[in-house]
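Chemist: Give me a 3D structure for the following:
(2 chains)
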Number of protein chains: 2
Amino acid sequence: MQNRLSFIPLSGIGDVTRNMYLYEYQNQILIVDCGLGFADETMLGVELLIPDITYLLKNCFPLESAPKKIVGMMLTHGHEDHIGALPFLLPQLPPDFPIYATPLTAALINQKLVEFGSSKKVQTVSLDDNKSVNAGPFNVSFIRVTHSVPDSAHLFIETPAGNFYHGSDFKFDLTPADNKGTDFQKIANLSSKGVTCLLSDSLGSERKGFTPSEEKLSESFEDAMRDCKGKFIVTTYSSNISRLNQAITVAEKYHRKVCFVGRSLINATDAAKGLKLMAIKKGMEIRIDQVKHTKSNELMLIVAGSQGQENSALTRIANGAHKDVKLFSDDIVIFSADPIPGNEVTVNSLIDLIARVGAKVIYSDLSDEFHVSGHGSADDLMLLMSLVKSVKVLPISGTFRQMVAYRELAKKMRYNPKDILLVENGMEIIFQENQSFFGPRFPVKKVYVDEISGEEIESFVLQDRARISLEGIVVIVTEIDSASGTLVDTPEIVARGFSANDTQALRRIITDELRRVLAKNTGTMRNWTYIRKLIGEAAEKRINQQLRKQPLIIPVVIEV
Amino acid sequence: MQNRLSFIPLSGIGDVTRNMYLYEYQNQILIVDCGLGFADETMLGVELLIPDITYLLKNCFPLESAPKKIVGMMLTHGHEDHIGALPFLLPQLPPDFPIYATPLTAALINQKLVEFGSSKKVQTVSLDDNKSVNAGPFNVSFIRVTHSVPDSAHLFIETPAGNFYHGSDFKFDLTPADNKGTDFQKIANLSSKGVTCLLSDSLGSERKGFTPSEEKLSESFEDAMRDCKGKFIVTTYSSNISRLNQAITVAEKYHRKVCFVGRSLINATDAAKGLKLMAIKKGMEIRIDQVKHTKSNELMLIVAGSQGQENSALTRIANGAHKDVKLFSDDIVIFSADPIPGNEVTVNSLIDLIARVGAKVIYSDLSDEFHVSGHGSADDLMLLMSLVKSVKVLPISGTFRQMVAYRELAKKMRYNPKDILLVENGMEIIFQENQSFFGPRFPVKKVYVDEISGEEIESFVLQDRARISLEGIVVIVTEIDSASGTLVDTPEIVARGFSANDTQALRRIITDELRRVLAKNTGTMRNWTYIRKLIGEAAEKRINQQLRKQPLIIPVVIEV
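Modeler: Here you go, the predicted structure:
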């Protein structure tokens, strides 16, 4: 076996989200990230995508006779598109590899894993010491970088076939809201050992200059709050702890009490408080049922639903359907987050709805004062190249257009075109003695799952937590021919909380039922939500009938 | 003697130019930079200032019995305000300490030293290896940074009492014209050893964001040249080799021949060519006498005199007084340099003059496309703080207003106010075990000399080079009471090229003559140019009469 390392993006190349990358050395695999994808507008009703892990399933399972072995998984930060697929994929993967993440990232995932009934725990890696993590032949150092969620990390991966710098989502914010800046010295010190390839975030490569700091948002919050006569309402991603802290600091200054509205927000802020990444002065935080007893001009609500999710707290408030919060014309609602591509229509109609009530709405098209990108622009990306000084560069986490823009930046930094690698998902890129070539390419499919991060599902999941521990969980992975709508092969079924016998029975029952149900459908499959619902319901009914159990059922549909 | 280090700015604090700093450890002194100052508008006729080195003269001379010793001088880059005072001060300092600089800086100074008849040579330090320079107890590493002259360096100064990062003039240009970017890894790696204090350029601290890259100028040159029907004329600082290279590249693309007009330019470009920092395609460079035989639209002239110097090539061209170059209405003249503070009036009248001829003039008030600052803005400065992570910071090279703005940036970077040191020239700042306190303060005076970098004097100097080696050089340092206009103390006289006897005689002759001449003057001294001229002429006359010699005489006047 030669001294070579393969980098294999399962997904995350060309489609921004759904990050999942493999580093493979002599049949030992290190996984980096395990994220959800957000489907685009053309796929009505289909909301989430997960990485296609066929490659891992084929090579690493069953564990005993598998040619390859997963030695560890590293998670770079707590955003859904980097960790969100974990609850779906973990039950399908071998159970014995460790997972590492920084404190907030680990807390966010562990919370999720508990909700899904998993007993697996992510191990916490500190960003404040110089310890590294050993995983088989890989030695991984986590480096603090700034991004729109605290505790974000880059990875310095040392392998017997060279060092790799995994530059996941970042921007160089010199004045981050949490005062924990990028560890430039660690980036440079580790990189001085020599780096074969820099894998770099490329999402912002088309924008000139540096991405502005989060700090300008504090001023913007203050300017807006000073003039607000009614309730001050902010909506953003729940993982954006630093942003929430900025709003809270300003609220405290103006003596407004803080209330979090929405499960996902409460979860994320609980995790942050537990890690002392968020602190609210005593008496300044109130519960939702206290809102109606508080004067409007003494309130700041932080509300989930910045993406216009149908059943989110914000949508219910805008519709006048929230029992504790009503909207009035002297309220201000600030969207401190851009729509994720695909969500523009729903976000815009939510803004419309709020405007109709007469409240002032501030959003990105109107003002760029309340959101700055968490991704570096051209100069951030070139500065990373300058710090790392790798032999080769490879843009990840961007659309193809952005990867091409990244290539132009790399050329400016005097990279030889042959050393700028533009790749696609499912491609194997082999590095050997500072040379690189392409290995075999395997097909990667689109895998859809139900919305899980939205408010609706999250509260559902919480209610059902008891059920999971009692009744178990069943993940049904179904391959469906998109032309004919029929089942391809036997569905793969992963169950937890069932005896070996029951699991056997489950497989048979579900396969039969799905064959039967899907046979009724003919013609091109377009409505994947409907199909998933169909599968879920059919399985639930039969499992209940035959095994007297009501497990949480997660249907995963792969379009072939 | 305790383990402490003193930092003593002789000048360069509060007045931007005239940089000269001392690092002192147990009576051993390291000098950093030795620059000229540019007098402000209120001092009519007085053009240049040099650092007041009384402290060194008092403590280090005569060498045998001096309590302190100069162990070396380090020059950070080739700009006049960092190296220009060397020819004036070197003859006054002990002869035995080594001087170090990077290749272009060393070449520029050595050229100057030869012109002034000095036999001293600056030693060259490469920026491409990791060697450091030992000077007594100081170990100094030169680090490549980007600025508006190639081969600019920061210094990492290791001492037994802590490490100091001397962050002289810089900006973080990720795409510098010479492709030689800042060595971020070296900054971070060395700084990882721990830094007691970061001394940082602060000139751009009031500007937000990062300073733009020099690269945008290439586009600007190209845009302007594409539409130019006549001669394309560029004026900038002669040391700005990268800027000249950008213009040359564009000229080559548009098949325009290049001609350098003015001695200072020819000197600087000769130095750069010798170091392969500039290359012009064969046949593309022409001499000034070939200009009239070349079509206007096949010409680019790079002309000295961007500061409106009275006898510079550009002023003569604008006046129609240049024998080889005439200006026509389809010519374009680009000022690719801002006026140095104090030169605004002369620059503006030169622009006026050119505009009156009908040629198109492009200058900074009209367009910022042809000049970008060589100094970092707020974010460059904060990035340096992030990379160095020193215990304390101390802004240099800025006005007091800019130092205060730098303090605000340092606060943003979470420096405790007590760790942000705002100091003044002549102050001793003592560092001991990561603490700092202020030592004694001595007065620093304004020391004026004749313009030496302008065209007029430079050609004079060149003509007289032969004279210097034959007839010697005499520097006359005269302290004059600005209230009474009388001589304070005996003038100090430094002579080279004279026998010991003659030097003795010189002292006596000149002192007598100056007493006599100055006695005629009464009342407040305002016209320092006149006084210097008076001193020079009087001394020349008497030296010639009594010693039959015609040395180059440099009168230095100190206002008391």
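Chemist: Leaving out the residues flanking it, which one is nearest to the residue of the stretch 101-250 of chain A found nearest chain B?
Modeler: The minimum distance from the stretch 101-250 of chain A to chain B, using Cβ to the nearest Cβ, falls at residue A:188 (3.3 Å). Heads up, the C-betas are built off the backbone N, CA and C, glycines and all. Nearest residue to residue A:188, sequence neighbours excluded (Cβ to Cβ, 6 or more residues apart in numbering or on different chains): residue B:188, at 3.3 Å.
Chemist: Just the element for that neighbour, please.
Modeler: According to DSSP states H and E, residue B:188 maps onto helix B:184-191.
Chemist: Please list the outside residues in contact with that helix.
Modeler: A:184-185, A:187-189, A:191-192, A:383, A:386-387, A:389, B:130, B:141, B:143-145, B:154, B:156, B:163, B:165, B:384, B:387-390 (Cβ atoms under 8 Å, 6 or more residues apart in numbering or on different chains).
Chemist: Mind checking which of those land in helices?
Modeler: Judged by DSSP state H, the contacts of helix B:184-191 include A:184-185, A:187-189, A:191, A:383, A:386-387, B:384, B:387-388 as members of helices.
Chemist: Neighbours of residue A:395, how many?
Modeler: For residue A:395, the neighbour count with other Cβ atoms under 10 Å in any protein chain shown is 29.
Chemist: pLDDT wise, what is it at?
Modeler: Looking at residue A:395, its pLDDT is 96.
Chemist: Next, the contact list for the residue of the stretch 301-450 of chain A found nearest chain B, please.
Modeler: Relative to chain B, the nearest point of the stretch 301-450 of chain A is residue A:382 (4.2 Å; Cβ to the nearest Cβ). Residues near residue A:382 by Cβ under 8 Å, 6+ apart: A:409, A:412-413, B:174-175.
Chemist: now it, nearest residue through space, not along the chain?
Modeler: What sits nearest to residue A:382 in space, not counting adjacent residues and going by Cβ to Cβ, 6+ apart, is residue B:174, at 4.2 Å.
Chemist: Surely the one you found and residue B:181 touch.
Modeler: Yes - the pair residue B:174 / residue B:181 is scored as a contact, 6.4 Å apart, by Cβ atoms under 8 Å.
Chemist: Mutual contacts of these two, please.
Modeler: By Cβ under 8 Å, 6+ apart, the residues touching both residue B:174 and residue B:181 are A:386, A:413.
Chemist: what's the neighbour count on the residue nearest to residue A:382?
Modeler: Residues near residue B:174, counting by other Cβ under 10 Å, number 23.
Chemist: Where do the helices of the stretch 101-250 of chain A begin and end?
Modeler: Using DSSP state H, counting those that start in this stretch, the helices of the stretch 101-250 of chain A run over A:103-115, A:184-191, A:215-226, A:241-253.
Chemist: Among these, which comes closest to residue B:32?
Modeler: Across these, residue B:32 has its closest neighbour in helix A:184-191 (23.7 Å, Cβ to Cβ).
Chemist: chain center to that closest one: distance?
Modeler: 26 Å (Cα atoms, centre = their mean, to the nearest Å).
Chemist: That helix to helix B:184-191, inter-axis angle?
Modeler: Interaxial angle of helix A:184-191 relative to helix B:184-191 (axes from the mean of the first three to the mean of the last three Cα atoms, to 10 degrees): 110 degrees.
Chemist: Please spell out which residues along helix A:184-191 are buried.
Modeler: Buried residues in helix A:184-191, defined by neighbour count with 16 or more other Cβ atoms under 10 Å in any protein chain shown: A:184-191.
Chemist: sorry, back to before: switch the helices of the stretch 101-250 of chain A over to JSON lines; also include mean pLDDT.
Modeler: Shown next, in JSON lines, are the helices of the stretch 101-250 of chain A (pLDDT from 0 to 100):
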{"stretch": "helix A:103-115", "mean pLDDT": "89"}
{"stretch": "helix A:184-191", "mean pLDDT": "96"}
{"stretch": "helix A:215-226", "mean pLDDT": "87"}
{"stretch": "helix A:241-253", "mean pLDDT": "91"}
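Chemist: mind putting those in CSV, distance to residue B:213 included?
Modeler: Shown next, in CSV, are those (distance: least, Cβ to Cβ, whole Å):
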stretch, distance to residue B:213
helix A:103-115, 35
helix A:184-191, 19
helix A:215-226, 22
helix A:241-253, 29
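Chemist: of all these, which lies closest to residue B:261?
Modeler: Closest of these to residue B:261 is helix A:184-191, at 43.6 Å (criterion: Cβ to Cβ).
Chemist: If we ignore the residues flanking it in sequence, what's nearest residue A:160?
Modeler: Residue A:160 sits nearest to residue A:137 (Cβ to Cβ, 6+ apart), 5.6 Å away.
Chemist: State the distance from the one you found to residue B:532.
Modeler: 74 Å (Cβ to Cβ, to the nearest Å).
Chemist: okay, those two: which has more neighbours?
Modeler: residue B:532 (22 against 17).
Chemist: wait, that one sits on residue B:557?
Modeler: Yes - with contact defined as Cβ under 8 Å, residue B:532 counts as touching residue B:557 (5.4 Å).
Chemist: what touches both of the two?
Modeler: B:448-449.
Chemist: the bottom helix or strand of chain A by mean pLDDT?
Modeler: helix A:455-463 (a mean of 35; mean pLDDT, DSSP states H and E).
Chemist: could you pull out the helices for the stretch 251-400 of chain A?
Modeler: Using DSSP H, counting those that start in this stretch, helices in the stretch 251-400 of chain A cover A:263-274, A:313-318, A:344-357, A:378-388, A:400-412.
Chemist: what's the residue sitting nearest the centre point of chain A sitting at in phi/psi?
Modeler: Closest residue to the average C-alpha location of chain A: residue A:80 at 1.7 Å, with Cα atoms, centre = their mean. Main-chain dihedrals, residue A:80, degrees, to the nearest 10: phi -50, psi -40.
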